[in-house]
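J.: build me a model:
(chains A and B)
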Amino acid sequence: MGQNHLTDAIQRGPVTLVVNGEARTLDLDLRTTLLDALRETLGLTGTKKGCDHGQCGACTVLVNGVRINACLSLAVMHDGDAVTTIEGIGRPGALHPLQVAFLDRDAFQCGYCTPGQICSAVGLLAEAAAGAPSQATADLTAPIALTDPEIRERMSGNLCRCSAYPQILDAIRDVAGAGA
Amino acid sequence: MRPFTYERAADPAAAAKAAAQNPDARFLAGGTNLLDLMKLGIERPGHLIDVARLPLAAIEDTADGGLRLGAMTTNSTVAGDPRVRARYPVLAHALLAGASPQLRNKATTGGNLVQRTRCLYFYDPSKPCNKRDPGAGCSALGGLNRGSAILGQSEHCVAANPSDMAVALQVLDASVETVGADGATRSIAIDDLHRLPGDTPHIETSLKPGELITAVVLPPPPEGPQAYRKARDRASYAGGLASVALAGGRVALGAVSLKPWRARKAEAALAAGATPAEAAEAELAPARSQGGNDFKINLTRRLMAAVIQTGKA
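T.: This next block holds a predicted model:
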């Protein structure tokens, strides 16, 4: 993009995303969300579309290491950004510890929300390690401890229609505890 | 979604100038509210001016001991800043009470201030709404109005402002810095930014066409306790039914008016020696409801008294 004048503005454009470590340049209708670019253009269907309005968290991905809702972002806003999807979190035979924990704890039923849950949990662990507070943090100046109320609050942006919440909590606690 | 053209702004003044020249343009920052509304056809801009990468993402100490929050700081960054947590806990708590972690990682300080109401009828293009279509009528009057305003509403609009952050900014006496289409900057007191609906509910702020919010400035915090409490239908990730911010002797209310509501009558009553319950009563004496939100008056009164009492403990 990089155009600064209305006269130069266009409705399509090349967008470069660094997806799971690989730079991909796409020719997109500017209306394309980051979610649709990942799923429809790049074929990375691990990231799910639930509500498409930022209410369910199924589309959670990491952009430059930070978890966001891919449905409420345009791909063009992320030109040059590094995007990590569930496909980049782990691979068969080389699963991320959270993926192992979700399997061990049976932290799903239908599995539709799971990629978003796991990407969100990856973001949660990074945020907690950086000392970011949450609504469950009573003392904003004390170090962060990932207690169960903290994990629940920090996962509140991810809904599970099958209500596997207790097992999701168990899985994240396993990994958070191991890293503490 | 209606097709649009897109540009990435080079600097704040250029963004303001570009926006002023094109009434069909909208600023795009985090996009968490605007893109949602565009998907629903409620916002239909023909042009987007992406301001997200403008150099407005710093949190800086000011000479008088306050803080300047760049407009493109995210809600997460502000809530996590050690200076905000230590000196402005009401702001950190308010931010953390809003939305979800994913949304807070994207939503910006400037965008939060100009987010639109979550009134069910504003969100439903099949129903009349004076905000979307001035003169069409207000469907919330006589409709589903559980979330509607109880203070400062009009016969034309009973929508409520959904921001938690702005309620905290009210008790911190924050000001909003902007740049206009002519490149001139100005400072707007937070209480002068949002407008009551009156007979022009489609005009929501005192910003001029093209005017871009560049920062929020916090003066040094007032002496005394700070608190933020929000009542809602579930424990997290839900809009407020009512919220209360407290800082020193200042009180503000959220989700009860189209403005983040500074409770000056309650403050005056407290300064004159009133009890928390008496102060809440003084503020809410003029409150009016529309049926579905009758409960909000009592809820707000009790929440307010409880938060003020907490501050005294």
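J.: so who does residue 105 touch?
T.: Chain wasn't specified; assuming chain A. A:167-168, A:170-171, A:174 (Cβ atoms under 8 Å, 6 or more residues apart in numbering or on different chains). For every residue, glycine as well, the C-beta is placed using N, CA and C.
J.: actually chain B
T.: A:66-68, A:123, B:74-76.
J.: kindly indicate which of the contacts of A:Arg105 lies nearest B:Ala231.
T.: A:Ile168 (26.7 Å; Cβ to Cβ).
J.: show me what contacts whatever residue of chain B ends up closest to chain A?
T.: Nearest to chain A, among the residues of chain B, is B:Ser100, at 2.7 Å (Cβ to the nearest Cβ). Applying Cβ under 8 Å, 6+ apart, we find B:Ser100 in contact with A:54, A:57, A:156-157, B:236-237.
J.: only whichever of those residues are buried, select them in ChimeraX.
T.: Buried members of those, defined by 16 or more other Cβ atoms under 10 Å in any protein chain shown, are picked up in ChimeraX with:
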select /A:54,57,156,157 /B:236,237
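J.: which of the contacts of B:Ser100 lies closest to A:Leu95?
T.: Distances from A:Leu95 to the contacts of B:Ser100, taken by Cβ to Cβ, are shortest for A:Gly57, at 21.0 Å.
J.: by neighbour count, which of the contacts of B:Asn105 wins?
T.: Neighbour counts for the contacts of B:Asn105 (other Cβ atoms under 10 Å in any protein chain shown) peak at A:Ile68, which has 32 neighbours.
J.: measure that one to B:Ala252 for me?
T.: 29 Å (Cβ to Cβ, to the nearest Å).
J.: if we can go back for a sec, can you pick out the most distant pair from the contacts of B:Ser100?
T.: Comparing all pairs in the contacts of B:Ser100 by Cβ to Cβ, the longest separation belongs to A:Gly54 and B:Ser236, at 14.7 Å.
J.: burial measure for B:Tyr121, as a count.
T.: Using other Cβ under 10 Å, B:Tyr121 has 26 neighbouring residues.
J.: list the buried residues for the helix or strand hosting A:Glu153?
T.: If you go by DSSP states H and E, A:Glu153 is part of helix A:148-154. Neighbour counts over helix A:148-154 (16+ other Cβ under 10 Å) mark A:150-154 as buried.
J.: ok, now stretch A:99-113?
T.: Neighbour counts using 16+ other Cβ under 10 Å place A:99, A:101-102, A:105, A:107-108, A:112-113 of stretch A:99-113 among the buried residues.
J.: before we move on, what about stretch A:122-132?
T.: A:122-125, A:127-128, A:132.
J.: and for stretch A:60-76?
T.: In terms of neighbour count (16+ other Cβ under 10 Å), stretch A:60-76 has its buried residues at A:60-63, A:66-76.
J.: need the distance between the two termini of it.
T.: 17 Å (Cα to Cα, to the nearest Å).
J.: before we move on, back to that, okay, the residue of chain B closest to chain A and B:Gln290: tell me how far apart.
T.: Using Cβ to Cβ, B:Ser100 is found at 29 Å from B:Gln290.
J.: in chain B, where's the longest helix?
T.: For chain B, the longest helix by residue count, based on DSSP state H, is helix B:294-312.
J.: just say helix, strand or coil for B:Glu7.
T.: When classified by DSSP: H, G, I helix; E, B strand; the rest coil, B:Glu7 comes out as strand.
J.: which residues touch B:Leu35?
T.: By Cβ under 8 Å, 6+ apart, B:Leu35 lies in contact with A:33, A:72-74, B:28.
J.: tell me the confidence at it?
T.: The score at B:Leu35 is 98. That number is its pLDDT.
J.: okay, and it sits in which element?
T.: Per DSSP H and E: B:Leu35 is located in helix B:34-39.
J.: now stretch A:16-26: buried residues?
T.: Those would be A:17, A:19-20, A:24, A:26, for stretch A:16-26 by 16+ other Cβ under 10 Å.
J.: contacts for it next, please.
T.: Among residues not part of stretch A:16-26, those counted as contacts by Cβ under 8 Å, 6+ apart are A:14-15, A:34, A:37-38, A:41-42, A:44, A:75, A:78-85, A:87-88.
J.: could you tell me the end-to-end distance of it?
T.: Across stretch A:16-26, the terminal residues are separated by 6 Å (Cα to Cα).
J.: any idea of the mean pLDDT for that stretch?
T.: Within the predicted structure, the mean pLDDT of stretch A:16-26 is 98.
J.: how distant is that stretch from the center of its chain?
T.: In this view, stretch A:16-26 has its centroid 16 Å away from the chain centroid, taken as Cα atoms, centre = their mean, to the nearest Å.
J.: ditto for stretch B:34-43
T.: On Cα atoms, centre = their mean, the centre of stretch B:34-43 falls 19 Å from that of its chain.
J.: the helix holding A:Glu153 and chain B in contact?
T.: Yes - Helix A:148-154 reaches chain B (Cβ under 8 Å from any Cβ of the partner chain) through A:152-154.
J.: ok, so of the residues you listed, who is nearest B:Gly152?
T.: Ranked by distance to B:Gly152 (Cβ to Cβ), the residues of helix A:148-154 next to chain B are led by A:Glu153 at 31.9 Å.
J.: so who does that closest one touch?
T.: Counted by Cβ under 8 Å, 6+ apart, A:Glu153 has contacts A:134-136, B:235-236.
J.: would you map the helices across the stretch 101-250 of chain B?
T.: Along the stretch 101-250 of chain B, the segments classed as helices by DSSP state H, counting those that start in this stretch run B:101-104, B:109-113, B:165-171, B:190-193.
J.: what would the ones you listed look like in JSON lines with mean pLDDT, distance to B:Leu303 and mean neighbour count?
T.: Formatted as JSON lines, the helices of the stretch 101-250 of chain B follow (pLDDT from 0 to 100; distance: least, Cβ to Cβ, whole Å; neighbours: other Cβ atoms under 10 Å in any protein chain shown):
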{"stretch": "helix B:101-104", "mean pLDDT": "98", "distance to B:Leu303": "23", "mean neighbour count": "27"}
{"stretch": "helix B:109-113", "mean pLDDT": "98", "distance to B:Leu303": "22", "mean neighbour count": "26"}
{"stretch": "helix B:165-171", "mean pLDDT": "98", "distance to B:Leu303": "12", "mean neighbour count": "29"}
{"stretch": "helix B:190-193", "mean pLDDT": "98", "distance to B:Leu303": "21", "mean neighbour count": "20"}
